[in-house]
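Participant: Sequence plus predicted model, see below.
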Amino acid sequence: AMRIVVSSNGDAKEYLLLQLQGTVEADNPELPGQTLGTLQIKGKKAEMIIGNHHLKGKVQDLPKPFALMKKRQSGSTATEQEETKSFTVEAIIRRKVVFSTRPRPLTAKRK
């Protein structure tokens with residue numbers, strides 16, 4: 001049997017899920033920690049600029065929230081009959097931003 005322990009310290013952050021159509025390609029293969037783009041949300045409408053591309057989307061509530069969890073190191077108290085895995089809730093995702101149309105290229109405005 002396996003025992004799974006999920007805990008939270010009560011200050012989990014709230015994140016948004018971004019749903020993009022297509023593939024995001026980056027010059028730098030190390031994506032973690034990099035800025036993807038600029039996101040603006042006004043009510044239920046969202047706009048995002050990635051490089052020279054402009055995307056328009058909608059904010060939607062998820063039918064069921066997601067929990068973003070981080071695995072904790074297991075202690076040495078688990079026996080062979082009962083293995084224990086522990087997770088901490090890092091963030092809750094209750095909404096998503098859906099970008100369902102193709103991105104438009106940004107052009108410089110002439111003065």
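Facilitator: Looks like it arrived, so ask away.

Participant: okay, now the closest residue to residue 9 other than its chain neighbours: neighbour count?
Facilitator: Using C-beta to C-beta, 6 or more residues apart in numbering and skipping residues adjacent in sequence, the residue nearest residue 9 is residue 88, 7.4 Å away. Heads up, the C-betas are built off the backbone N, CA and C, glycines and all. Residue 88 has 16 neighbouring residues, counting by other C-beta atoms under 10 Å.

Participant: One more: residue 55?
Facilitator: Counted with other C-beta under 10 Å, residue 55 comes out at 21.

Participant: now swap in the one 5 residues further on and tell me
Facilitator: As a burial measure, the neighbour count of residue 60 was computed by other C-beta under 10 Å and equals 14.

Participant: Return the set of residues that bridge with it.
Facilitator: Bridge pairing for residue 60 (DSSP bridges) gives the partners residue 96.

Participant: Verify the stated contact: residue 40 with residue 47.
Facilitator: Yes: here residue 40 reaches residue 47: they are 4.9 Å apart, a contact under C-beta atoms under 8 Å.

Participant: In terms of neighbours, single out the busier of those two.
Facilitator: residue 47 (15 against 9).

Participant: sec struct for the residue nearest to residue 9, please.
Facilitator: strand (DSSP: H, G, I helix; E, B strand; the rest coil).

Participant: Over to residue 48?
Facilitator: strand.

Participant: show me where pLDDT drops low in the chain?
Facilitator: By pLDDT under 70, the weakly predicted segments of the chain are 1, 26, 28, 31, 74-82, 108-111.
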